[in-house]
Structures are given as C-alpha cells and as structure tokens.
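Asker: everything below, folded, please.
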Amino acid sequence: MTTETAKTVLITGASSGIGAATAVAAAEAGYDVAITFRTNRAGAEDTAAKVRALGRRAVVIRADLSNPEDIEELFDRIDAEFDELDVLVNNAGIADEICRVEDMTPERLHRMFGVNSIGPFLCARQAAIRMAWRYGGAGGVIVNVSSIAARLGSAGQYVDYAASKSAVDVLTKGLGEEMAADKVRVVGVRPGIIDTEIHAKGGQPNRVAQMANQLPMKRAGTAREVADTILYLMSDKASYITATSVDVAGAR
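Answerer: Modelled structure (predicted):
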C-alpha cells in the first residue's frame, strides 16, 4: 500500500461492467476506491482485489440504491472510512426486458426510476453536501453515467430506461449549475452500445454481436473506453467542464 495521501472516489454499481472498469482506472490514477454492489458481492470483491493489487485501498459496501435508507447508510460508511469524498461516480443502473410502453407495469416503472433516477439524485445530494464550499467542503466532482438512449428514446424496446436516463442528464445540467460556485463540478457520460453484462440482464445476451455491424464504427464500445472518459472528467484536465454530458457512443 502506498503511503501518500490519495483522493477518494465512490463508484456505485462497480461489481461489473463500466463501474468495475472505472474502479480499476481510478486505482491506476492513484485513487482509493469505495465500491457498491446490490447482489453481486463476488464481482464487487473481484473489483476490490484488482484495486488493491494496484496498491490502492478498496472498501466494498452493499447498497440497494432504490432504498433511501441504504443511501443514508452508504454515505455514513463513507464518512467513517475516509477523511473526505473527492469524487462520486453515479454508475449503478438497471435495464429490463424489451417492452412497449403500453405493456409496462407500475412495478416495473417504479423500480426503473427508483434505481436509475431517484438513486442518483439522492447520491448526488449526499455527495454535494459533503463537497460544497458552502457546507465547508473542499470541492469535488460528480460524474453521472447516463445513456445514449436518453437521446434516442429506445422506441419499442426500453422507453422507460431511456426516460430514467434522461432524468440523469437533467440532474447533470441542473446540479452542475447549482454547484458551480461551490467548486463542485457535475458532469455526465452517455455510453452507447457497450460490451458489458447489462444486455444479458435486460434479456438480450447477444445484443452486442447482433448490432455491431449496424453501428457507425462497426463495433461496440468497451467498458474501459467509457472508464477512461470518466477518469478524464474526474481530473483537473477537465477543470472548466461542468453541467454537461459527453457522448461515448461511436457516432450514434
């Protein structure tokens, strides 16, 4: 373990995919990492092992981000484990099976928006309180992981998912403007078709292979490509970027 003071990043949903790749990239850049998961403890522990192998500290925390009490407990744990929180990466999210709007149940919609929209809002609130100058914080960065679906609408497939991610885009814009004078930057990324497990979780395990030739670059993106964009936005190299989102979607 290195002894120099490290910055701390909290990455929600870091047991696989973009979250896990971002945790590794952050560790390579010298961050200590807090990792949340909901059900995939093994994946979260694997991510933590990779962070520790790079000489950085990793803390694994279970949290259901559709539950406000879990979010309160998550940030209490962050306060107990770290001196301060420098970066929040609002990455945790869910997809569901292909479904037209007229067939969507209230239960599906409540869960979709609870995890993908309300959860990020509540996490961003907690992070902003800790980071903002007006509350005695030292500043920081919030990175919201949205989706290119927020622009495309996902008609006939995942309109609820697209709408929930559109709310995240508005959070990035609105909170970014609110926090601009408090030395808190709020930025977002909108990934396109990325080769991760989320497609299988949404009932389309072969979606990446089936769509590759239809994409402008004739391939899907990788989790590491999104992670590298997030790391740039976290860094001082992006110090004048806030209240905006970056598409990582290969021209879609």
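
Asker: list the buried residues in the helix or strand containing Arg77.
Answerer: Here Arg77, judged by DSSP states H and E, is contained in helix 68-81. Buried residues in helix 68-81, counted by 16 or more other CB atoms under 10 Å: 70-71, 74-75, 77-78. Every residue, glycine included, has its C-beta placed from N, CA and C.

Asker: which of the residues you listed sits closest to Leu54?
Answerer: Of all the buried residues of helix 68-81, Leu54 sits closest to Ile78, with 20.4 Å by CB to CB.

Asker: hmm, that closest one is touching Ala34, no?
Answerer: Yes. Counting by CB atoms under 8 Å, Ala34 is a contact partner of Ile78 at 5.9 Å.

Asker: joint contacts of those two?
Answerer: Common contacts of Ile78 and Ala34, defined by CB atoms under 8 Å, 6 or more residues apart in numbering, comprise 8, 10, 61.

Asker: dump these to CSV, plus pLDDT.
Answerer: CSV is the format used below for the shared contacts of Ile78 and Ala34 (pLDDT from 0 to 100):
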residue, pLDDT
Thr8, 98
Leu10, 99
Ile61, 98
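
Asker: in CSV: those, plus distance to Asn206 and neighbour count.
Answerer: Listed next are the shared contacts of Ile78 and Ala34 as CSV, based on distance: CB to CB, whole Å; neighbours: other CB atoms under 10 Å:
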residue, distance to Asn206, neighbour count
Thr8, 38, 23
Leu10, 33, 28
Ile61, 33, 19
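
Asker: Arg219 - how many residues pack around it?
Answerer: Applying other CB atoms under 10 Å, we find 14 residues neighbouring Arg219.

Asker: what's near enough to touch it?
Answerer: Arg219 makes contacts with 212, 250, as judged by CB under 8 Å, 6+ apart.

Asker: tell me which element Tyr161 falls in.
Answerer: For Tyr161, the host element (DSSP H and E) is helix 159-179.

Asker: which residues touch the nearest residue to Leu109 once chain neighbours are set aside?
Answerer: Excluding the flanking residues, the one nearest Leu109 by CB to CB, 6 or more residues apart in numbering is Asp160, at 5.7 Å. By CB under 8 Å, 6+ apart, the residues touching Asp160 are 96, 99, 101, 104, 108-109, 112-113.

Asker: those residues: which two are farthest apart?
Answerer: Of all pairs in those, the most separated under CB to CB is Cys99 and Phe113 at 14.7 Å.

Asker: can you map out the helices along the stretch 101-250 of the chain?
Answerer: Taking DSSP state H, counting those that start in this stretch, the helices of the stretch 101-250 of the chain run over residues 106-113, 119-131, 149-152, 159-179, 198-201, 207-211, 223-234.

Asker: what does the third one rub up against?
Answerer: Okay, so that is helix 149-152. With contacts defined as CB under 8 Å, 6+ apart, helix 149-152 is touched by 158, 161-163, 165-166, 168-169, 190, 247, 252.

Asker: and which of those residues is nearest Val141?
Answerer: Using CB to CB, Val168 is the member of the contacts of helix 149-152 that lies nearest Val141, at 15.5 Å.

Asker: skipping its backbone neighbours, what lies nearest that closest one in space?
Answerer: With CB to CB, 6+ apart, the residue lying closest to Val168 is Ser146, at 4.4 Å.

Asker: distance of the one you found from Leu152?
Answerer: Distance of Ser146 to Leu152, given as CB to CB, to the nearest Å: 12 Å.

Asker: higher neighbour count, these two?
Answerer: Ser146 (28 against 15).
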